[in-house]
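# Predicted model follows, preceded by the sequence.
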Amino acid sequence: MSGGIFICYRKNHLNGRRSHALAVDAFIERLRTHFGVDKIRADTGLVAGDHFPSMLRGWLRSSEVVLVFVHQEWLDDLVEREDEDDWVRWELGTALEMEIRVIPVLLDKASLPREHELIDKGFADVAEFGNQQYWRILFGEWEQGGGELIRLLEGRVATEELPAPARPDPARQRSVRPLVAASLLGLAAPWLLVRLLVPDVEMRHLWLAALALALVFALVIPLGTLSIVYAVRVRLDESDEHLARLAHDQKTNVTVGLFVAGMGIIVLFSGNLVPWQGQLLVLAVIAGFTVVEGDRWLRDRRNSDLWPYVRLAPHPASVRGALTHAERFMKAHRPLLTMAQREQVEFVLGQVEWAVDRLHELCALSRWEWLRRSSPVLPAVHVLFLAAVIGSAVFAVVEGGWGHSSLLAGALIAALLCYVVTVDRAHRLQRWRRQVVAEAAPAEVERLRSVLAEISIPPAAVQENTE
């Protein structure tokens, strides 16, 4: 793995351990926490049996930056050692030879030896070290100085690139073919079914009239359901907000559980009202819809729920879920997020901001534009029932049901009203849900960014210190 940071410092000398070593060891751990263990190369990572020179050379070869910590006795220690096998000298000389970026880190009051000083004392192999731009950290300012050094290093350390966000156009118009096909099928199906199932010609207009009235009732059901949902939308939105705080596996379990419970309730309460053939037909329709749409739904949820939300649907529940996941992710990695973790959270928040912008665009759509951009399945089914009412009424009159013309006209008017009001209620409900989330999400994004700034070192363009 390339793009690491190599740490060069002297822990021990001829007369014992240097006092600065503990502070450097702590800073190394801080670097590991921020950049990841695999990005920091220090001899504290060696294990028994490792070949020291080979490991160090391999680390240097895969590093972008070498930090050389210089304490006050750094040059004196080099002189007293006066040995080309001195590991600090070897590491520094090898880094300069390999033309790796070397940053001297001066600890407290330490000074950087100049090129001529190193040459005069017989260290020509590392003399170029005296010309490097340095960074100073005072012992009383490790938090600030170390944080600014980490910011500087972020521009030098190669990290794994985040995937490109998948941002499809949610306002893309869908094909009208499903609606046209549903209309044609609805107009023709009642007449064809009655001609096949009712041999008595004199009774066909009665069956068609009865079918028209029954289908009107089928159109009343979604209207009533949407009206109830619209009336209690605030309470349902609160429930949706609580649901968004659940973990993703729990959400799927709750959804599947509610679906199974709903199926059981349908069978339980329809047992005495509908014959078993009708129950079987209802279950077959629900099962077919589940097979057709369920796999796509689960696949979309699985893809959208994968951190860090490469594909985030501009849907209120998805936006809330992403924000909750980001907050839970930060809590799980406290007290200090690594650079990669911070970038992932920023990526998710960027996806949320994009989704919120799309929600505002979707809120501005008219009813017809909204319908054209909705999923084609439910609108097509709705149009199918409306067309079936029209087809049943028209063919009832054609088959001789002039005496029921006023009743059939009332059924047509009722069906059209149900359709128009249902579409209006659905549009208003979805627009309201989108507006609620779109208006609340920006403040939540800013709050999470504030938390992120507290538990991670924010990126900044920091210039190297000079004296």
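All right, it came through fine. Numbering: from 1, shown residues only.
# what's around residue 33, how many residues?
16 (other Cβ atoms under 10 Å). Where you see a C-beta, it was placed from the backbone N, CA and C, and this is true even at glycine.
# likewise residue 25?
15.
# can you check residue 450 too?
9.
# do residue 74 as well
If you count neighbours by other Cβ under 10 Å, residue 74 ends up with 23.
# any low-confidence regions in the stretch 201-350 of the chain?
Along the stretch 201-350 of the chain, the parts satisfying pLDDT under 70 run over 246-279, 282-283, 285-305.
# Give me the nearest residue to residue 118, chain neighbours excluded.
residue 127 (4.3 Å; Cβ to Cβ, 6 or more residues apart in numbering).
# how much space between the one you found and residue 12?
Distance of residue 127 to residue 12, computed by Cβ to Cβ, to the nearest Å: 25 Å.
# Was I right to think residue 356 contacts residue 436?
No. The pair residue 356 / residue 436 is not scored as a contact, 11.6 Å apart, by Cβ atoms under 8 Å.
# more neighbours, the two?
Using other Cβ under 10 Å, the more surrounded residue of residue 356 and residue 436 is residue 356, with 21 against 18.
# Give the full set of residues in contact with the more buried one.
By Cβ atoms under 8 Å, 6 or more residues apart in numbering, the contact set of residue 356 is 314, 319, 437-438, 441-442, 445.
# at 7 Å instead, please
Applying Cβ atoms under 7 Å, 6 or more residues apart in numbering, we find residue 356 in contact with 319, 438, 441-442.
# now these in CSV, with distance to residue 233 and neighbour count?
Listed next are those as CSV, based on distance: Cβ to Cβ, whole Å; neighbours: other Cβ atoms under 10 Å:
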residue, distance to residue 233, neighbour count
319, 17, 28
438, 15, 21
441, 18, 21
442, 22, 12
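# that older thread, ok, residue 127 and residue 12, which is more surrounded?
The neighbour comparison of residue 127 against residue 12 (other Cβ under 10 Å) goes to residue 127, with 20 against 10.
# A helix includes that one, no?
Yes. Using DSSP: H, G, I helix; E, B strand; the rest coil, the secondary structure at residue 127 is a helix.
# And it, how far from residue 60?
With Cβ to Cβ as the criterion, residue 127 and residue 60 are 19 Å apart.
# again with residue 204
In terms of Cβ to Cβ, residue 204 sits 91 Å off from residue 60.
# Helices of the stretch 1-150 of the chain, residue ranges please.
Applying DSSP state H, counting those that start in this stretch to the stretch 1-150 of the chain gives helices spanning 21-35, 52-61, 74-81, 87-97, 115-120, 142-154.
# Same list, those helices, but as JSON lines with mean pLDDT and distance to residue 330 please.
Formatted as JSON lines, the helices of the stretch 1-150 of the chain follow (pLDDT from 0 to 100; distance: least, Cβ to Cβ, whole Å):
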{"stretch": "helix 21-35", "mean pLDDT": "86", "distance to residue 330": "14"}
{"stretch": "helix 52-61", "mean pLDDT": "82", "distance to residue 330": "31"}
{"stretch": "helix 74-81", "mean pLDDT": "85", "distance to residue 330": "39"}
{"stretch": "helix 87-97", "mean pLDDT": "90", "distance to residue 330": "36"}
{"stretch": "helix 115-120", "mean pLDDT": "92", "distance to residue 330": "46"}
{"stretch": "helix 142-154", "mean pLDDT": "84", "distance to residue 330": "18"}
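# Residue 455 is nearest to which of those helices?
helix 21-35 (11.2 Å; Cβ to Cβ).
# Could you name the helices and strands sitting against that closest one?
strand 4-8, strand 40-41, helix 142-154 (3 or more Cβ pairs under 7 Å, 6 or more residues apart in numbering; DSSP states H and E).
# so is residue 381 in a helix, a strand, or just coil?
Per three-state DSSP, residue 381 ends up helix.
# ok, so what distance separates it from residue 374?
Residue 381 is 12 Å from residue 374, by Cβ to Cβ.
# Nearest to residue 180 among the helices of the stretch 1-150 of the chain would be which one?
Nearest of the helices of the stretch 1-150 of the chain (Cβ to Cβ): helix 142-154, 55.9 Å.
# Next, format the helices and strands packed on helix 21-35 as JSON lines and append mean neighbour count and distance to residue 348.
Shown next, in JSON lines, are the helices and strands packed on helix 21-35 (neighbours: other Cβ atoms under 10 Å; distance: least, Cβ to Cβ, whole Å):
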{"stretch": "strand 4-8", "mean neighbour count": "24", "distance to residue 348": "26"}
{"stretch": "strand 40-41", "mean neighbour count": "23", "distance to residue 348": "26"}
{"stretch": "helix 142-154", "mean neighbour count": "18", "distance to residue 348": "19"}
